[in-house]
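> My questions concern the predicted model and sequence given below.
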Amino acid sequence: MADKRPISSPRRKTVVRSRAGAAASRKPREAGVKAEAPTTAPKPPWMAIPEPRTRALKVYALDPSAGQYVGNVMTVRIRWERNLRPGPIGPRFAVIDYDAANRCYYPPVDLDDPRLLAEGGLDPSESDPRFHQQMVYAVASETVEKFESALGRTIHWRRAERPPGDDTQGSSSAHAADDIWVLKLFPHAMAQPNAFYCREAHGILFGYFRAAEGGTDPGRNLPGQRVFTCLSHDIIAHEVTHAVIDGIRAFFTEPTNPDVLAFHEAFADLTALFLHFSHKEALRDTIRRTGGRLHAFELAPEAATVGTSVARPRATAKPRLTDEIRARNPLIELAQQFGEASGMGRGLRGALDIPPDPTAMRTRVDDAHFRGSILVAAVFDAYFATYLRAAAHLFRIYRAGGGDADASELPAPLADALCDAASKAADEFFQLCARALDYCPPVDLTFGDYLRALVTASTDLRPEQRDVRQALMQSFRARGILADSASFFSEDALVWPRVADWTHDPVPDALPPVVATIADPRTGVLATRELVFGHPDGLTKVEKDVNGAILRQYARENAARLGFDADPRLAPPAQPYPASFHPVFRVTTDGRLRIDMVIELVQTRRVPFDADSPAAGSFPLRAGATLIVAAPAREADGNYGPPRVRFAIAKRITGDEGNTREARQRAYALAMGLMNGDTDDDRHFQVDFGLVHLGM
Amino acid sequence: MRKATKRAAPVANVLRVRMYRVGFGDFFLLTVPSPDGPQHILIDCGVHAANIGSMPDCIADLCDVTQRKLALVVVTHNHADHLSGFATHDDVFSTFDVGAVWITNRLDPADGEVVRQRHRIAAIASDLALQFQLRLRLGLDEETADVARQALAKVENALGTGFGVAGGVNARALDVVTHQFRNAPPVFYYEAGDAPALPAALRGVIDAEILGPCPKALADDFGASDDKLAQYFAAAARSGASGSERFHPFERQWPATANDYWIGAFRPWPTPAALEKALRNLQPDAEVAAAELIDSTLNNQSLVILFTCRNRKLLFVGDAQWGNWAYWLYGKTVRGKPPGISERAREILASVDFYKVGHHGSTNATPIPVVGALPVNCAAMCSTETGYPRERRTYGNVLAKTEVPRTALMDALETRTRRKLVRSDWIAAGEAPASPEAKAELAQLPAHFSAGDNYIDYVFPD
């Protein structure tokens, strides 16, 4: 089955295939060219039909095991991508259905087929691999679009590191071999109960396996049936989130303390869970069956809403019919089918199944999933608190109008209003969680840092969200998530400090505007240039090169102020450099367009595990600063000022903080067994999601 | 076994550690002086991988030296490379008089949860052993076969298989040390903090402090060498090792080839075949990961003992890895805060006169902070097996910098101890010549060390 054609093979040529003859012809396709359409006479412009904005595709809202649960089969509307190739293969994702266990391919689905366009894609089916391809593509697209909406920019996948001294250093836009331009999705990559994002594969590998047999209860699955991780909405969203974060933050996959990996897991779970609340039909049903108490672990049985109160079975009676059985609340559990099929008897990592315990953060340091679930529980605690406040208000109105609050069936208008409140709050929370990524330090993240990022993002972007900030602070505190770097547990203390204005006699915390004298990338002429913020569609190649040159110089010139080692004798690879920069375009609550640039500056120092024994190897100790730079704004003199740094969120490599971080990272690396192996290779210190997710 | 044909010379009434060279395995005899003459403590007796066939001669020597009287027998943990000798020479050991037996409490048969855990591990290990044996019959390339061979060795070490002893040598050895000694000595199961009961012959002669394993109640925090695989292990313990079972996911055929996909989608791989190969290679090896987890879990159950005799302190750590060490070095989990060895642990380490290097010299078994805290006058012994210098070792890989013994650790210990680290493969024994690598590191034995036919002695200076 192995195809050894070189991609540049001269045999490649355009072919026109009939669908029926596709398998027989087996001809390679021409890069960048779709099958030719029949020639037709050009139409006048006024007759042109505009391109659709979205594409409708059917997916499971949860997974196949949820069967006909209301809303489980739903249609998502994702952004229309022109010239989507069979796979689907588009500019963001390429679904390649290669089964490495059986060494075979499965035929790709062509979502541009008119029959599928008319029907919203294939109907859900466990036995048709083409639906599996459709589902991973649809849910992956849905997930990315959520991030793009929250972050105010186009998501791109991981770009390879371009440290100083690298050949591509001169150009921030030059391609590197490890750059991921299109994320590959492999729906049936392996016969394992596993799914993971893998940089080396430039994508996500989904596994399939048999449900538990023998004495283990497979839940709603048949014993031994095939279970596909690519059909779990939650697992797809979780894995795509790993890829999204890796594209935004290059060093969040380097576990320098126990929170780094746990954060990656928690954030991926948060995304998957918040997506549940955007599925209106399922949400409305859950609200109906929990009486509006969305956080309830169980749903009322369907039979409870049928008949008069006299005829209904008592709540304590043993169920005799399927519809009398209480079901678990699917909105607050992840990947139910997977959990049951692997014999765990329940969904993976529930959102609220860990009661608040302020000591758990200090004692359960070994289990990334457990620590991650503490963070998930903290965020959802705050979310439910916010939702319940809104719900209580609606119930008061309902009761004031004579409504019976104890009725087992909520009236439709109330259920709809609660649904809107829950969905709106979920959207706001997800947006806040995602935007907080931009306010995190680039390296050595802790849960405490993330709390500060949440509070800062909320204060900076949605100052009116005081209730949300308070709810988050209380729920984090109840679970022992504190910010070591803040003096007090108050909103004022938790907000990252703003950078002081740059004056003629600047204070130590001030930073100059982001301006530098650089050689023009096209002409080579020296000129003083400002950071370029570009267009919402992204920066051009030249703009990226200009920004890269400005930021390299800025990092070196302000190294000491940014917490870097400012020694000018440092070799180029040890000097600070811009790891990433993203222009961000957002609309503020007063309707104005706000433009910022989020920049990661990083410096790496190699530190020996044992200074007396250099042969024992070394580990990378990194300093980092996230800069949030405001686009030029009109100033008092009526002119536009330079780009000013609003926040500088740093992890220092120098002074007491540097020494403390070095000792902590060394201890953690030793505890993780990282001294064993090729410590000269930075990849040795990267997390292997394939192992983290083994057995999920 | 070869019979002891000569009457051994009387053993001097001195404090001495004898390290037998058996291959990959621990077999240590500690002799302590007492008013009634030398008393002997046997600490483990096993070999598994790289068995050089010297065990019969070593046990013959043990019989000669001890006259089949042992004041104490210590069994550190449930691995064949620490136990097999008891099983393969059960007829010999059944003639021994023993004062007491100390065993890690993770092998206490009276503790139901311990027993269940042992059975769970054995079930998974058996499953894995079958899978690795199957792999090795598939004609794999050398590198892949080496990975499978090492993983198989680890699960066989946990099961005690490979010796032709029904049920495995580990179970048999535990039966020998708990029931088969001639005089039916008392058996004690210990964890850190327990006050051990010294047999009469050792009272007033030696003190012992149990430093590991961590108390069972804290095993979640300290039990694992790392957390990468804990999730898998938990799942596998419930449902068995799932592994990379090969089956077709769909009922019917879905014929397709790479030609059905736009070829540009395969970039940056030059051909679809290159991507296919990469995808196969990138899949995590669930079985190998589980084998490693079982290995480190059992190592971390090691009984760690600090003996004190005539003001000399001797630290025997079995195969303890990070989780075991962390408990008594820090007295708390250490990943959240800058740790610093606890004052008590620093005192202990600074006072150690003899260190039995953990786990045959693997990196994870001797934390770097420990090396730095040992006194420079400390002597150390490492029972290991390098064989000849080559890239592929019995365990680990030189190119991947995971070889056992780890060269960097050996160097660090040699430097710290002022070259008083001696490896068992420094001498010829059984069918194995001395390791050129070990000889290259140490031109001659340091003062107070001496070599016998199959062993190296360290006699503490007065």
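On my side now, so go ahead.
> where do the helices sit along the stretch 351-462 of chain B?
B:368-373, B:407-416, B:436-441 (DSSP state H, counting those that start in this stretch).
> Which among these is found nearest to chain A?
helix B:407-416 (3.7 Å; CB to the nearest CB). Where you see a C-beta, it was placed from the backbone N, CA and C, and this is true even at glycine.
> Any stretches of chain A with poor pLDDT?
Filtered on pLDDT under 70, chain A yields the residue ranges A:1-40, A:66-71, A:161-176, A:212-224, A:294-354, A:362-368, A:405-409, A:613, A:676-677, A:688-696.
> pull the longest helix from it.
Ordering each helix of chain A by length in residues (DSSP state H) puts helix A:368-400 first.
> Please spell out which residues along the next helix or strand after that one are buried.
Next along the chain after helix A:368-400, taking DSSP states H and E as the criterion, comes helix A:412-436. For helix A:412-436, the neighbour count (16 or more other CB atoms under 10 Å in any protein chain shown) marks A:414-415, A:417-419, A:421-423, A:425-436 as buried.
> which residues of the stretch 201-350 of chain B fall in strands?
B:207-212, B:304-309, B:312-316 (DSSP state E, counting those that start in this stretch).
> Can you say which of the ones you listed is nearest to chain A?
Across those, closest to chain A is strand B:207-212 (CB to the nearest CB), at 15.5 Å.
> could I get the helices of the stretch 351-462 of chain B as a markdown table with distance to residue A:555?
A markdown table is the format used below for these (distance: least, CB to CB, whole Å):
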| stretch | distance to residue A:555 |
| --- | --- |
| helix B:368-373 | 32 |
| helix B:407-416 | 34 |
| helix B:436-441 | 45 |
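> Including mean pLDDT, mean neighbour count and distance to residue A:588, could those go into TSV?
Listed next are these as TSV, based on pLDDT from 0 to 100; neighbours: other CB atoms under 10 Å in any protein chain shown; distance: least, CB to CB, whole Å:
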stretch	mean pLDDT	mean neighbour count	distance to residue A:588
helix B:368-373	81	20	51
helix B:407-416	86	21	56
helix B:436-441	85	16	68
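> Would you reformat these as TSV and include distance to chain A?
TSV is the format used below for those (distance: least, CB to the nearest CB, whole Å):
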stretch	distance to chain A
helix B:368-373	5
helix B:407-416	4
helix B:436-441	13
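> Which of the ones you listed sits closest to residue B:144?
helix B:407-416 (24.5 Å; CB to CB).
> who touches that closest one?
A:610, A:612-613, A:615-617, B:357, B:361-363, B:366, B:368, B:371-372, B:374, B:376, B:378, B:380, B:382, B:398, B:401, B:421, B:423, B:441-442 (CB atoms under 8 Å, 6 or more residues apart in numbering or on different chains).
> Out of those, which end up buried?
A:610, A:613, A:615-617, B:357, B:361-363, B:366, B:368, B:371, B:374, B:378, B:380, B:382, B:401, B:421, B:423, B:441-442.
> Let's see which of those end up in strands.
B:380, B:382, B:421, B:423 (DSSP state E).
> what pairs with the first one across the strands?
Put plainly, it is residue B:380. For residue B:380, the beta-bridge partners are residue B:355, residue B:421 (DSSP bridges).
> Contact partners for it?
B:354, B:355, B:356, B:357, B:374, B:413, B:417, B:420, B:421, B:422 are the contacts of residue B:380 under CB under 8 Å, 6+ apart.
> Touching, the third one and residue B:27? I think so.
To tie it back to what came earlier, the one meant is residue B:356. No - taking CB atoms under 8 Å as the definition, residue B:356 is not a contact partner of residue B:27, at 11.4 Å.
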